[in-house]
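*Asks:* coords please:
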Amino acid sequence: MYSAIRAFCVALAVGTLPALALAQTSAAWAPTKPIKLVVPYPPGGGSDIAARVMVTALGNKLGQPIVIENKPGANGAVGTEIVFNAAPDGYTLIMSGTDAYSRYPALYPNAKFVSAQFVPVAPTAIVNFVLMGRPGLPAKNLPELLVLAKKQQLSFSSWGNGSAGHIAMAQFNLVAKTEMLHVPYQGAAPAAQAVVGGQVDLTLMPVLLAHSFKDRLIPFGIVAPERLELIKDIPTLIEQGTNVSAPSWVGVLAPPKTPAAVVATLAKAMIETMSDPVIDKKLNEAGLAPLHGTTQEFATLIAKDYDFWGKAIRDAGIKVDQ
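*Replies:* So this is what the prediction gives:
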């Protein structure tokens, strides 16, 4: 799994770096009160799971508790804006990811934050997804689903306009030459419940949710480059001939203009935390792929990811309502 993640990093390893406050400084910084980690989604999604897996160990490294605050809304933009405007003192951080950082600005030209002004701290994980169908859907495998989707309009849920679930299914529609109705929700867990309850036909679920529901729902394929250990019996869409893949990174960012000394302390603790095999094991058990790297490697990865999704969204002409 590590080699696959390294390959992901290498694939994104060229691009203009975002603004970084990484200059050398002689004054060390240490937190003296609890640190708030904003997760811009409801509980239960990939970002939230990643945060909860590492938060206790990170707090122990820093000598202060890390308090998770879920601030959902507008596909991560609400919580992201809060952190963007927070004091750059090390006491407010965000568990960001591809949706809010890389995709949202390309979809919403009037975004209230500038992604490249955030200060990268360290990466956490890659979130992958599985295409799942509601109980009773008259298609039991991907070929049958493709036939059904061309006979009638199916619906799919996501955790917001411009989310990974939305964009990946837009890619699916293009590749499969289908037209499915998008129904956005305010988080991955509500989107999953909509499929379980039969309110929509399909959804993309984070791997852990898909693993929990695979006996109640119909798994059609993993939206990733390769099979995943937790659900290795489910094939990828790619190996079934539908070339759709949408892995999404998650990692910790600090507000713009956070001093180098603060970033250095946070990054050291983060990198040490993420190097613990126990954390790797917990992430894998949660269906997440651990993502290791230095602050500079993380900065390079997210800058490339930002450029990639901006171009992909513009080239595809994907728009969402404001």
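
*Asks:* Tally up the residues packed near residue 138, please.
*Replies:* Residue 138: 11 surrounding residues under other CB atoms under 10 Å. Heads up, the C-betas are built off the backbone N, CA and C, glycines and all.

*Asks:* Phi first, then psi, for the closest residue to it other than its chain neighbours.
*Replies:* For residue 138, ignoring the flanking residues on the chain, the nearest one in space by CB to CB, 6 or more residues apart in numbering is residue 148 at 6.3 Å. Per-residue torsions, residue 148: phi -60, psi -40 (degrees, to the nearest 10).

*Asks:* got it, and residue 180?
*Replies:* phi -100, psi 150.

*Asks:* same question, residue 96
*Replies:* Torsion angles, degrees, to the nearest 10, at residue 96: phi -90, psi -180.

*Asks:* how about the helices in this structure?
*Replies:* With DSSP state H, the ranges of helices along the chain come out as 2-11, 46-62, 77-84, 104-107, 142-151, 164-176, 188-196, 207-213, 260-274, 277-285, 295-316.

*Asks:* Just the buried residues of the last one, please?
*Replies:* Looking back up the chat, that one is helix 295-316. Neighbour-count burial for helix 295-316, counted by 16 or more other CB atoms under 10 Å, picks out 295, 297-310, 313.

*Asks:* Listing request: residues of the stretch 101-250 of the chain with sub-threshold pLDDT.
*Replies:* Within the stretch 101-250 of the chain, no stretch has pLDDT under 70.

*Asks:* Show me where it has its strands.
*Replies:* Taking DSSP state E, counting those that start in this stretch, the strands of the stretch 101-250 of the chain run over residues 119-127, 129-133, 155-158, 181-184, 202-206, 218-223, 248-254.

*Asks:* what's the closest of the helices of the chain to residue 253?
*Replies:* helix 77-84 (7.4 Å; CB to CB).

*Asks:* List of residues touching that closest one?
*Replies:* By CB atoms under 8 Å, 6 or more residues apart in numbering, the residues outside helix 77-84 that reach it are 38-41, 70-73, 92-94, 96, 100-101, 104, 108, 111-114, 117-118, 253, 255-256.

*Asks:* Going through those residues, which ones are buried?
*Replies:* Using 16+ other CB under 10 Å, the buried ones in those are 38-41, 70-73, 92-94, 96, 100-101, 104, 108, 111, 113, 118, 253, 255-256.

*Asks:* my read: residue 102 touches residue 306, true?
*Replies:* Yes. Counting by CB atoms under 8 Å, residue 306 is a contact partner of residue 102 at 4.6 Å.

*Asks:* Overlap of the contact sets of the two?
*Replies:* residue 115.

*Asks:* Now do the closest residue to residue 207 other than its chain neighbours: how many residues are near it, please.
*Replies:* Using CB to CB, 6+ apart and skipping residues adjacent in sequence, the residue nearest residue 207 is residue 287, 2.9 Å away. Look at residue 287: counted by other CB under 10 Å, it has 25 neighbours.

*Asks:* Run through the residues that contact residue 287.
*Replies:* 49, 128, 206-211, 228, 230-231.

*Asks:* How about residue 40?
*Replies:* 47, 70-73, 76-80, 94-96, 100.
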